[in-house]
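Q: Build me a model:
(chains A and B)
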There are 2 protein chains.
Amino acid sequence: MEPSANAAPAAPIRFETNPSRYKHWKLTFDGPVARLAMDVSEEHPLRPGYALKLNSYDLGVDIELADIVQRMRFEHPEVKTVVVTGGQPKVFCAGANIYMLGSSTHSFKVNFCKFTNETRLYLEEACAESGQHYLAALNGVASGGGYELALACEEILLSDDGNSAVSFPETPLLAVLPGTGGLTRLVDKRKVRRDLADVFCTLAEGVRGKRAQDWRLVDRSVPRSRFDQVVLERAQALAAATPTKQGPAVKLPPLEPKRYDEGNRVGSDYRYVSLSINRQNRLAEITMLAPDQEPPTTVEALRQAGASLWSFQAFRELDDALLDLRFNYPEIGLALLRTRGDAKLVVAHDAALHALSQGPSTAASDALRGDWFACEVLLHMRRVLKRLDLTARSLFALVDPGSCFAGSLFELCLAADRAYMLDGGDGETAFIGLSPLNFGPLTMSNGLTRLQTRFLYAPSRVGEIESLDGFLDAATALEEGLVTFTPDEMDWEDEVRLAVEERVSLSPDALTGMEASLRFAGPETVETKIFARLSAWQNWIFQRPNAVGERGALTMYGRPERPEFDWRRT
Amino acid sequence: MEPSANAAPAAPIRFETNPSRYKHWKLTFDGPVARLAMDVSEEHPLRPGYALKLNSYDLGVDIELADIVQRMRFEHPEVKTVVVTGGQPKVFCAGANIYMLGSSTHSFKVNFCKFTNETRLYLEEACAESGQHYLAALNGVASGGGYELALACEEILLSDDGNSAVSFPETPLLAVLPGTGGLTRLVDKRKVRRDLADVFCTLAEGVRGKRAQDWRLVDRSVPRSRFDQVVLERAQALAAATPTKQGPAVKLPPLEPKRYDEGNRVGSDYRYVSLSINRQNRLAEITMLAPDQEPPTTVEALRQAGASLWSFQAFRELDDALLDLRFNYPEIGLALLRTRGDAKLVVAHDAALHALSQGPSTAASDALRGDWFACEVLLHMRRVLKRLDLTARSLFALVDPGSCFAGSLFELCLAADRAYMLDGGDGETAFIGLSPLNFGPLTMSNGLTRLQTRFLYAPSRVGEIESLDGFLDAATALEEGLVTFTPDEMDWEDEVRLAVEERVSLSPDALTGMEASLRFAGPETVETKIFARLSAWQNWIFQRPNAVGERGALTMYGRPERPEFDWRRT
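A: This is a model prediction of the structure:
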């Protein structure tokens, strides 16, 4: 039943899109309030073989949503509330398409869920940190992933019309779990009482009206006759409480990488990023280039740079390369992270961006924050680095002469499972460097910076490292605990080669579980719970015979017979 | 490769044992210091088919360890340090026996790991709360579960003898994860730096000597010539810093339940607990009886009651019944929780025990705490209720007239996924009741009480409920959010029957994942990380073809050929 092992996907999946190409969402603007209506086109699935009925979604629908959430922040700074609603009669959204899931490989399903999870977390981040509030206006049934999309919004209004309902039919109908953070958001974000959550999650038909409100499943149940009016009022109220952003919008042009596929030489070259795939060795190399000029230091210059700003463009490119790696090269087990260029320029860009994001005052209150675009670029960097943390591939950073692992690029080194740094020799030597971005803005999913997570055993180390000046050579970096190994020139090549060969020989499943467990020490957040706890349960259940076996519930969905279960509880 | 579906285990597994029956551990006492040497008998596996070579363990070995940790608290209050060491040459412990794992069902493996995890958490609890410090003295190789046992100890001393090492060979050799909290304890308890943890977890041969200490894998590496001396000094130092417990030890007699198996009527009757199994309906009923006399209210009377104290005996019986249910009846999906007896006596016992545990002073400092035995009984109750939370079966509490869900027994109701309470009628009515034990001592794995977890959405509710007086009828309990549904006499039977029938028809895998996600909202702890995150990853990996397939690493272990992997990363 699992599509053939080690098969490459039929056609590569691309993640760049733009409003002129949207097929599934209708976006309209009215001053500070935007309306985002889900209106999935049945006959435009990402690949042939299923129809997207009842506003169900596949990866293609979610790629558009991710693009919308991203562009909203940069291209529509005037928008303060986004009303997310259904564009089809009776149904808000039926969730992920079951036939698509049933015909996908396990690794695709897992990557699909991870991407949709990330999109929903980005939407929550926009609510929490970008002054763009997402308001779910459920004018129909929101089931499974449909309700999970609503749960990611800041508020949920449900039409009380005898039809509209919220539901998680996954457990009763499909023998799987809601795959996009639903269970965690239910009890940890909305803090629904656990016994009510239990009842709700086993009721295939869901909960409507007043009961949905009483159980905290939605914020308000509103009679149909007043629904549009209440939604508008609430959208305007959210907008009215949100400060206005100064300065023009920033357009996001396409990245236009040069992609090549010449047998064993496969990859993509962007302006500042290259992804190079070695299929035979199951190895990828991701190289990031430093900026090649001084950074803009005024808001005006920053706005003039716009999307071509190194800090923005380089990380947009990295993001695209990571998604390419995740979806289009599943058999690649290890990514080597490299950098090239002038580390001083990286630190200069980081420092300038940080200063512009802080504004003239040093007070930390929101009202005195600096330029919104500078803030958005930092948040974007943070999202991309989280995407790296959450990429289920081994990551080794290689710090050699000519590299520029400084500041924001040093975060790549900290995100890696290991860092090898060449110690010595006669000519150019390798350095790492620090910038203000290593000490605050670029937190991981656990809410800590990568340095804080690294030094959980001695939190004062972070302050000591912040007080270090300039750039650190290999001996100092090792002493300070910032890199893993520092072979000299004699050993470098052999040591790295052996480590790489050994890594790609290990079981990819065990490595995924091991890395997921070791990367996220420290506090838990809704984010880490979703990825580290819920996703793990879901991975397990998604391949159990009770779900995907010949008589499993996912396989049998839509057929007249009942599924058959192995009743043993584990 | 999976032993046949739905097969009942060959012979029931029993969890009661005592020192006269130990086969695998040697326990010696020297005043406040006890020495616990692991010396596993190869030819005494729990079931035939494998030999317990190299101090490897199976469930039988761990049942003895659990018994030792339990008896140490009650029967040896004079012991302040337990030195855990190896009783065989060269090897401290090689971890769980691979051939045992390879020949076990998935559900047995998961339950085995859960039990061993619980035992290690109990050992940590003894260190943290009972003034019994476990000190690992590694005089040989501690690999896999062997190192995990050491990680559960408060301190780890490693002999620097050119042979002794700590290691996690699971990922490189077996394509699975350390199954007993190892990864979490590595980065979250010992706070090992993540890149060093990464290297360590892929090094099959492990790490020795000074490097093990430098990487924080052990607390001290000690030259062999001085090892015994340093261990003794450290054990004595831990003991010297620990207050002495007053009053005699408490012996743990066997529980001696009456077990019966008459076709479809199967179960066990204890003094205060009965477990009744209905195989046909995949249903269990667990009934707990209230005490039948007033509680002891002085330390002397408490000690006279000893192990026959209701609060202790009833929860020891519940513990045994839960393990029986987990291991011997895997096909049972739902347990109905019932109580019978005088709720006032439950509250009286709770209040008396709580008062004796607090001591004469109301200050909360440890030195002024009350009787150690009272404290130990509370900790035991807490462990048993955690065991209930972590039992992968649906739990419904049935609150009907004649029941006594009050205080410690009301925790059963709060632990249940749902509670049904009969509202009305003419004769005797159902009540629930509260005691001091609902508001502090009986925390869940997440560090919160069950009431705090229930009311995460309105923390002040807990204080309001604490101020309620006496016993609450169904209408009040529903109003206060303490039960789920309150059918009247007309509806009770049908509503409960339908809910039960529906529940046992759902996929057991999906229910396990759903319940694990909904039961533990709120903060995360090492405990919840181990159960909710690490176990889930492990569940997944433990059934992947890369581990357990025909050419998987676990299957191929010990054979000359290399395993074969599906390289796709998920």
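
Q: I'd say residue A:392 and residue B:569 touch.
A: Yes - using CB atoms under 8 Å, residue A:392 is in contact with residue B:569, at 5.0 Å. Bear in mind the C-beta positions are built from the backbone N, C-alpha and C, glycine included.

Q: what's next to stretch A:188-196, contact-wise?
A: With contact meaning CB atoms under 8 Å, 6 or more residues apart in numbering or on different chains, stretch A:188-196 is reached by A:151, A:186-187, A:200, A:215-217, A:526, A:529, B:416-419, B:453-457, B:481, B:483-484, B:518-519, B:521-522.

Q: Please convert the buried members of the residues you listed into ChimeraX selection syntax.
A: To isolate the buried members of the contacts of stretch A:188-196 in ChimeraX, using 16 or more other CB atoms under 10 Å in any protein chain shown:
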select /A:151,186,187,200,215,216,217,526,529 /B:416,417,418,419,453,454,455,456,481,483,484,518,519,521,522
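
Q: residue ranges with poor pLDDT in the stretch 1-150 of chain A?
A: Low-confidence segments of the stretch 1-150 of chain A (pLDDT under 70): A:1-10.

Q: Over to chain A?
A: Short version for chain A, where the test is pLDDT under 70: A:1-10, A:360-369, A:425-426, A:534-535.

Q: how about the residues of the stretch 151-300 of chain A near chain B?
A: A:170-172, A:174-177, A:183-184, A:186-188, A:190-199, A:201-202, A:216, A:282 (CB under 8 Å from any CB of the partner chain).

Q: Among those, which are located in helices?
A: Among these, the members falling in helices (DSSP state H) are A:183, A:184, A:194, A:195, A:196, A:197, A:198, A:199, A:201, A:202.

Q: What is the burial count for the residue lying closest to the last one once chain neighbours are set aside?
A: To tie it back to what came earlier, the one meant is residue A:202. Spatial nearest neighbour of residue A:202, excluding adjacent residues (CB to CB, 6 or more residues apart in numbering or on different chains): residue A:172 at 5.4 Å. When counting by other CB atoms under 10 Å in any protein chain shown, one arrives at 20 neighbours for residue A:172.

Q: need the contact list for residue A:172.
A: With CB under 8 Å, 6+ apart, residue A:172 has these contacts: A:202, A:203, A:204, B:506.

Q: Pull out the buried residues from these.
A: The buried subset of the contacts of residue A:172 (16+ other CB under 10 Å) comprises A:202, A:203, B:506.

Q: Just read off the phi/psi values of the last one.
A: Yep, that's residue B:506 we're talking about. phi -90, psi 160 (degrees, to the nearest 10).

Q: ok, so what distance separates residue A:260 from chain B?
A: 23 Å (CB to the nearest CB, to the nearest Å).

Q: Oops, could you answer that again for residue A:280 instead?
A: Taking CB to the nearest CB, one finds residue A:280 at 12 Å from chain B.

Q: Secondary structure element holding that residue?
A: For residue A:280, there is no helix or strand it lies in under DSSP states H and E.

Q: From what I see, it and residue A:265 are in contact.
A: No - in this structure residue A:280 lies outside contact range of residue A:265 using CB under 8 Å: 10.5 Å.

Q: Counting neighbours around each, name which of those two comes out higher.
A: Using other CB under 10 Å, the more surrounded residue of residue A:280 and residue A:265 is residue A:265, with 11 against 8.

Q: Identify the residues contacting residue A:219.
A: A:155, A:156, A:157, A:213 are the contacts of residue A:219 under CB under 8 Å, 6+ apart.

Q: Tell me the one of those residues nearest residue A:382?
A: residue A:155 (24.4 Å; CB to CB).

Q: and the closest one, what is it in contact with?
A: Counting by CB under 8 Å, 6+ apart, the residues that residue A:155 touches are A:133, A:135, A:136, A:219, A:220, A:234, A:238.

Q: what do you get if the cut-off is 6 Å, keeping everything else the same?
A: A:135, A:219 (CB atoms under 6 Å, 6 or more residues apart in numbering or on different chains).

Q: Can you read off the backbone torsions of it?
A: Residue torsions, per degrees, to the nearest 10, at residue A:155 are phi -140, psi 150.

Q: where does it sit relative to residue A:222, distance-wise?
A: Residue A:155 sits at a distance of 12 Å from residue A:222 (criterion: CB to CB, to the nearest Å).

Q: quick one, which of residue A:392 and residue B:569 is more surrounded?
A: More crowded of residue A:392 and residue B:569, by other CB under 10 Å: residue B:569, with 24 against 20.

Q: from what I can see that one touches residue A:508, true?
A: Yes - assessed by CB atoms under 6 Å, residue B:569 is found in contact with residue A:508 at 4.6 Å.

Q: next one: phi and psi at the closest residue to residue A:27 other than its chain neighbours?
A: Leaving aside its sequence neighbours, residue A:27 sits nearest to residue A:36 (CB to CB, 6+ apart; 5.6 Å). In terms of degrees, to the nearest 10, the main-chain angles of residue A:36 are phi -110, psi 100.

Q: Among the contacts of stretch A:188-196, name the ones in strands.
A: Among the contacts of stretch A:188-196, the members falling in strands (DSSP state E) are B:418, B:419.

Q: all strands of the stretch 151-300 of chain A, in order?
A: A:155-160, A:165-167, A:207-208, A:220-223, A:258-262, A:265-269, A:273-278, A:283-289 (DSSP state E, counting those that start in this stretch).

Q: Distance of residue A:401 relative to chain B?
A: When residue A:401 is compared with chain B (using CB to the nearest CB), they lie 21 Å apart.

Q: Could you tell me how many residues sit around that residue?
A: 13.

Q: What count of nearby residues applies to the nearest residue to it once chain neighbours are set aside?
A: With CB to CB, 6+ apart as the criterion, residue A:401 has its nearest non-adjacent residue at 4.0 Å, and that residue is residue A:428. Residue A:428: 10 surrounding residues under other CB under 10 Å.

Q: my guess is residue A:428 is in a helix, correct?
A: No - using DSSP: H, G, I helix; E, B strand; the rest coil, the secondary structure at residue A:428 is coil, not a helix.

Q: Show me which of the contacts of residue A:219 is closest to chain B.
A: residue A:213 (13.2 Å; CB to the nearest CB).

Q: who's in contact with residue A:469?
A: No contacts exist for residue A:469 under CB under 6 Å, 6+ apart.

Q: what secondary structure does it sit in?
A: coil.

Q: and it, what are its phi and psi?
A: Residue torsions, per degrees, to the nearest 10, at residue A:469 are phi -110, psi 140.

Q: do residue A:140 as well
A: The phi/psi pair for residue A:140 (degrees, to the nearest 10) is phi 180, psi -170.

Q: swap in residue A:35?
A: Torsion angles, degrees, to the nearest 10, at residue A:35: phi -120, psi 120.

Q: Secondary structure element for the nearest residue to residue A:101 once chain neighbours are set aside, which one?
A: The spatially closest residue to residue A:101, leaving aside those adjacent along the chain, is residue A:109, at 6.0 Å (CB to CB, 6+ apart). Under the criterion of DSSP H and E, residue A:109 resides in helix A:106-129.

Q: list the contacts for residue A:216?
A: A:190, A:192.

Q: Kindly report the same for residue A:300.
A: Contacts of residue A:300 (CB under 6 Å, 6+ apart): none.

Q: Same question for the one 10 residues further on.
A: Remark: with contacts taken as CB under 6 Å, 6+ apart, residue A:310 is in contact with A:291, A:349.

Q: Residue A:359 versus that one, what's the distance?
A: 21 Å.

Q: Next: residue A:503.
A: Counting by CB to CB - residue A:503 and residue A:359 are separated by 44 Å.

Q: ok, now residue A:197?
A: Residue A:197 is 42 Å from residue A:359, by CB to CB.

Q: Neighbour count: these two, which is higher?
A: The residue with more neighbours, out of residue A:197 and residue A:359, is residue A:197; 25 against 16, by other CB under 10 Å.

Q: Wait, the more buried one touches residue A:186, no?
A: Yes - Residue A:197 sits in contact with residue A:186 when judged by CB under 6 Å, with a separation of 5.1 Å.

Q: Could you tell me which residues touch both of those two?
A: With the criterion set as CB under 6 Å, 6+ apart, the contacts of residue A:197 and residue A:186 do not overlap.
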